[in-house]
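S.K.: any chance you could fold what I've pasted below:
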Amino acid sequence: MRVEDAFWYALQNLRSASLRSWLTIIGVVIGVIALVCIMAVSEGVENEINSQLSAFGSNMMFIVPVNVQGLSSVTTLVGAPSTSGKLTERDALSAASIPGIKEVSRMIISRASVVFKNASATSPIYAADANVFDFFQDDMKLESGRYFREGERGVVVIGNDVKTRMFGKKTVEIGSVIMINKKNFRVVGILEKFKGSFRQSDDAMILIPYDDGKELFSKQLAKNEVTMIYLEAYENYDMNELKERVEEKIASNHKVSLDDKDFSVITPDFVQSIVGSVFLMLSTFLLIITLVSSVVAAIGLANTMFMAVLERTREIGVLKAMGATENDITLIFLLESALIGLIGGLIGLALSYVILLFVQDFGVPVLLSLKIIIFAVVFSILVGAIVGVVPARQAAKLDPVEALRS
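M.R.: Next up is the predicted model:
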C-alpha cells in the first residue's frame, strides 16, 4: 500500500470519527493552547525587555539607594533582606571624578499633585539634570517642543498621556501652564508615546529641572539627597572595572564596607543576569507545562487508538485478507493518530491566536513567532505519532482469521 493511499484511508476514517475521537482532539487542543500561550507571552516579555535594554546603552549604569543581597539570583530578588541607604549630591560628584566616567545626571523621583485649568491629578515627577535627555535620547523622543536646558527653571517636559488623558477633556499644549505642588511650570516639550507594554505608565511622567525638584520636595528628602544617579562611561572602558571603582567611592562616602553597602550600581550585564535568571525559571515552567500537556493528550489519544483497534478488528481482518501487510496496517493507524494530533494542533493554534489577541489588549506583551507555530504543529504531530505506535503495532499483529471471526 502506498503512503498516499494509507493517508487518504486514514483521513476517511477520521471524517466519520466517533465522539471519542473528537474528545481526544479537544484534549490535544487544550495542551497546544497552554503551550502556545505560555511560549508566546514568554517570548513577548523577553523581546520587550531586550528592546528596553537596547535603549539603555551598553556604556551606561545607574546607582540606586538600596542593596539586595544576591540580587543576581531571582529567588533572592523576591524576598531577600535588603539594605537601604541614601544617595547624595556628593555621591554624584564622587562618581563624576572617576576616570572613565563621561557624564553624570542626578535624579529625584516623587509623586505630586498636578493642577491644570482647575482639573487635578497625581503624577510621577522626575526632577533631573538637563543632560538626562542625552542618556535617553533614543527612548525619550519629542512629539513637539523641546527639552529643558541646563540652568532653566519653571519649565516642564510631559509624557503623552499628560497631554491628552490626565485632565479629562482638557488638552495640555506647548506653552500651557501647569501647577505642581502649588508652583507654576510652563510646558516646553511633549514626549512621544513610549513603545512597549511595560512603558505605558511612563506616558504619565512629568520631567522638571533638578533644582526645581530639589526645592519642591525639600520636606520629603534629606539635605542634598537624590533618588538615583545616572552614569555614562566613555567608549571602550571596562564597565565591570568602572562599576567596582564607583562602588568603592560611594562605599567610602557612606562609611560602609562593600559587603554591607546600602546602594547598588546597576550595569547592563547586571540586568542581563537578572533577565537570564527570570527566563531560566520561565523555561523550566514551560517545560513542566509541556510535559503535563503531553501526558494528558497522550493518555486520551492512546485510549482512543486502543479502542479503535478493538472496534475495527473485523475491518483489519478484511484489509489483511485483501493483501495488506503488517506495515500497511501499522502505517494506517500511525497516520490516524498523527492526524488527530495535527487537527488538534491546528485548532489549538487558531484558538491560541484569538486568546493572545485578547491578552494583548490588557497590555501583556505577546509574540507569536513562526518558531512557536512550527513547534506547536510538530509537537502535536509527534505526540500523536509516538502514542500511536503501540496501538498500531497491536493492530498489525492481529491474526486475520481470528479478526474476521470477531
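
S.K.: any idea of the mean pLDDT in the host helix or strand of V278?
M.R.: Assessed by DSSP states H and E, V278 sits inside helix 268-311. The average pLDDT within helix 268-311 is 76.

S.K.: that one packs against which elements?
M.R.: Applying 3 or more C-beta pairs under 8 Å, 6 or more residues apart in numbering; DSSP states H and E, one finds that helix 268-311 makes contact with helix 19-55, helix 74-79, helix 239-254, helix 326-360, helix 370-387, helix 389-396. The C-beta positions use only the backbone N, C-alpha and C, and glycine is treated the same way.

S.K.: mind putting these in JSON lines, distance to T290, mean neighbour count and mean pLDDT included?
M.R.: Putting those into JSON lines (distance: least, C-beta to C-beta, whole Å; neighbours: other C-beta atoms under 10 Å; pLDDT from 0 to 100) gives the following:
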{"stretch": "helix 19-55", "distance to T290": "6", "mean neighbour count": "19", "mean pLDDT": "80"}
{"stretch": "helix 74-79", "distance to T290": "21", "mean neighbour count": "12", "mean pLDDT": "43"}
{"stretch": "helix 239-254", "distance to T290": "37", "mean neighbour count": "17", "mean pLDDT": "90"}
{"stretch": "helix 326-360", "distance to T290": "13", "mean neighbour count": "20", "mean pLDDT": "86"}
{"stretch": "helix 370-387", "distance to T290": "8", "mean neighbour count": "18", "mean pLDDT": "88"}
{"stretch": "helix 389-396", "distance to T290": "20", "mean neighbour count": "20", "mean pLDDT": "70"}
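
S.K.: which one of these lies closest to V292?
M.R.: Closest of the helices and strands packed on helix 268-311 to V292 is helix 19-55, at 8.1 Å (criterion: C-beta to C-beta).

S.K.: the very next helix or strand once past the closest one pairs with which strands?
M.R.: Next in sequence after helix 19-55, counting helices and strands by DSSP H and E, comes strand 60-64. Sheet neighbours of strand 60-64, with direction, are listed as strand 228-233 (antiparallel), strand 264-266 (antiparallel) (DSSP bridges).

S.K.: in CSV, list these along with mean neighbour count.
M.R.: Below are those laid out as CSV (neighbours: other C-beta atoms under 10 Å):
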stretch, mean neighbour count
strand 228-233, 23
strand 264-266, 20
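
S.K.: Throw those strands into a markdown table and include distance to I190, thanks.
M.R.: Output for the strands paired with strand 60-64, formatted as a markdown table (distance: least, C-beta to C-beta, whole Å):
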| stretch | distance to I190 |
| --- | --- |
| strand 228-233 | 22 |
| strand 264-266 | 29 |
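
S.K.: could you tell me the least trusted of the ones you listed?
M.R.: Among the strands paired with strand 60-64, strand 264-266 scores lowest, at a mean of 88.

S.K.: mind checking how far L342 is from S352?
M.R.: Plainly put, L342 is 15 Å away from S352 if you go by C-beta to C-beta, to the nearest Å.

S.K.: then G145?
M.R.: On the measure of C-beta to C-beta, G145 and S352 end up 43 Å apart.

S.K.: can you check E247 too?
M.R.: Computed with C-beta to C-beta, the distance linking E247 and S352 is 46 Å.

S.K.: do the same with V271
M.R.: The spacing between V271 and S352, counted by C-beta to C-beta, is 30 Å.

S.K.: identify all contacting residues around stretch 158-173.
M.R.: With contact meaning C-beta atoms under 8 Å, 6 or more residues apart in numbering, stretch 158-173 is reached by 114, 116-117, 119, 121, 123, 143, 178, 187, 189-194, 202-207.

S.K.: and for S277, the neighbour number?
M.R.: Per other C-beta atoms under 10 Å, the neighbour tally for S277 reads 17.

S.K.: and G100, by the same measure?
M.R.: As a burial measure, G100 scores 16 neighbours (other C-beta under 10 Å).

S.K.: residues contacting it?
M.R.: A233, Y234, Y237, L242, R245.

S.K.: do I have it right that the last one meets S97?
M.R.: So the one you mean is R245. No - between R245 and S97 there is no contact under C-beta atoms under 8 Å: 10.1 Å.

S.K.: pull the CA atoms of stretch 250-266 into CSV?
M.R.: Output of stretch 250-266 as CSV, limited to C-alpha atoms (Å, rounded to 0.1, in the frame of the first residue of the first chain):
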residue,chain,number,x,y,z
ILE,A,250,30.3,55.5,47.2
ALA,A,251,31.0,53.0,50.0
SER,A,252,33.8,55.3,51.2
ASN,A,253,31.3,58.2,51.2
HIS,A,254,28.8,56.2,53.2
LYS,A,255,31.4,54.8,55.5
VAL,A,256,30.4,51.2,54.9
SER,A,257,32.2,48.1,53.6
LEU,A,258,31.4,46.7,50.1
ASP,A,259,29.8,43.7,51.8
ASP,A,260,27.5,45.9,53.8
LYS,A,261,26.8,48.6,51.1
ASP,A,262,23.5,50.4,51.2
PHE,A,263,23.3,51.0,47.5
SER,A,264,23.6,49.1,44.2
VAL,A,265,25.3,50.0,40.9
ILE,A,266,23.3,48.6,38.1
